[in-house]
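Colleague: Show me how the following folds:
(one chain, ligands or ions: 1)
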Amino acid sequence: QSSLPRDLQDKYLLTRRIGTGVCGEVRLAFERSTCRKFAVKIINKKNFQSEGTATRNAKTEIDILQRVDHPCLIKTEDFYQTEESFYIVLELMEGGELFHRVKSKQQLNESVAKLYFYQMLRAVEYLHSNGIIHRDLKPENILLSSQDDVCLIKVTDFNQSRILEEAVLMRTLCGTPSYLAPEVFTHASTTGYGLAVDAWSLGVLLFVCLGGYPPFHESFGHQSVTDQIIRGEFTMVQSKWTSVSDQAKDVVRKLLVVDPMKRMSIEEALQHPWLQDQKMLETAHRLMYPSAEGGGAAAAMEAESTSGRHLRKRGREGDGEEQ
Ligand SMILES: C/C(=N\NC(=N)NO)c1ccc(NC(=O)Nc2ccc(/C(C)=N/N/C(N)=N/O)cc2)cc1
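Modeller: Below you'll find the predicted structure:
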């Protein structure tokens, strides 16, 4: 049990472990002054191949976590670090991880899966519009706000996230091109097909929510998981998918496309017929924008269109520019 930072202990009482991850664990914490509950993600630096990578990734993640401002993205309260670990204090999502919700229900019913998937799309749409690729979307990183089926979801864990640095590319193009590889100039780095990796992961997430099992897994057939993914070969087991609508299956099939240029984008997914479901949209907007008094999609759209796109100002060293 590595020693907790003094200032963290002064402010919070850390109790039982409530989640585990590759990079560390999540503990339930109580703010001593208010008794409010929080989640504390503890990231051990030793899990990273090099100290440098751990620190750089954590810096990027903390920067992203502190600047993103969207109802479906986790909000951080505090951040501490010691020689061996980082500590991120965040809002406690009472419903826990989507992973456990799907596992305990075998599979989600389609309307619940649609409500969650729509919120994931909006979260990723916001990240992409701010040049951020998540790169690690999976059921462990989708948190639920309550034990109810109808609830707000939030995306977390920006450890693998990258900020699309157009500026870096522009500087690169200023130098002599003679030694640059072709892909530096092609669509790969400019039109950011890198964003498409998140669309693929959302396809895997939707498959898991609807089918209750992963599309690519070592226990399926003779091929390795990597081969199944590279070939885009997945099976919709009859017994699990009969009750799922053709439109839902269509969304999955258009996201799990191997060629990133042919894969459905986040925007196209948001326009897909399966998601043009007024009842679901009203529920989602009521959950995402509870303060929009009197409900009404108009108020929610208003909220979305004004504040919905921008990052919050940077911290103390604030360079102040709004994205
Ligand atoms: C209510 C509850 N459990 N309730 C219970 N068990 N009661 O007995 C509960 C609540 C939340 C969670 N998970 C949770 O909060 N995850 C999580 C995962 C990752 C990150 C981050 C920022 N990661 N960043 C990095 N770099 N990672 O490597 C933050 C939170 C699990 C159970």
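
Colleague: Low-confidence bits of the stretch 151-300 of the chain, can you list those?
Modeller: Scanning the stretch 151-300 of the chain with the threshold set as pLDDT under 70 gives 166-171, 186-193, 293-300.

Colleague: Which residue ranges of it form strands?
Modeller: 153-155, 162-163 (DSSP state E, counting those that start in this stretch).

Colleague: Please work out which of those strands is packed deepest.
Modeller: Stretch with highest mean neighbour count among the strands of the stretch 151-300 of the chain: strand 153-155 (a mean of 24; mean count of other Cβ atoms under 10 Å). C-beta here means a position set from N, CA and C on the backbone, and glycine is covered the same way.

Colleague: does any bit of that one sit next to the ligand?
Modeller: No. Strand 153-155 lies out of reach of the ligand by Cβ under 6 Å from any ligand atom, never closer than 8.9 Å.

Colleague: list the helices and strands that strand packs on?
Modeller: helix 110-129, strand 142-144 (3 or more Cβ pairs under 8 Å, 6 or more residues apart in numbering; DSSP states H and E).

Colleague: Remind me what the first one packs against, helices and strands.
Modeller: Helix 110-129 sits against strand 153-155, helix 196-211, helix 246-255, helix 266-271, helix 278-288, with contacts defined as 3+ Cβ pairs under 8 Å, 6+ apart.

Colleague: Report the buried residues of stretch 121-135.
Modeller: The neighbour-count check on stretch 121-135 (16 or more other Cβ atoms under 10 Å) flags 121-130, 132-134 as buried.

Colleague: swap in stretch 235-245?
Modeller: Result for stretch 235-245 [16+ other Cβ under 10 Å]: buried residues 241, 244.

Colleague: Check stretch 223-239 too.
Modeller: Of the residues in stretch 223-239, those buried (16+ other Cβ under 10 Å) are 228-229, 232, 234.

Colleague: Tell me the span between the first and last residue of it.
Modeller: For stretch 223-239, the first-to-last residue distance is 23 Å (Cα to Cα, to the nearest Å).

Colleague: that older thread, right, so of the strands of the stretch 151-300 of the chain, which gets closest to T60?
Modeller: strand 162-163 (6.9 Å; Cβ to Cβ).
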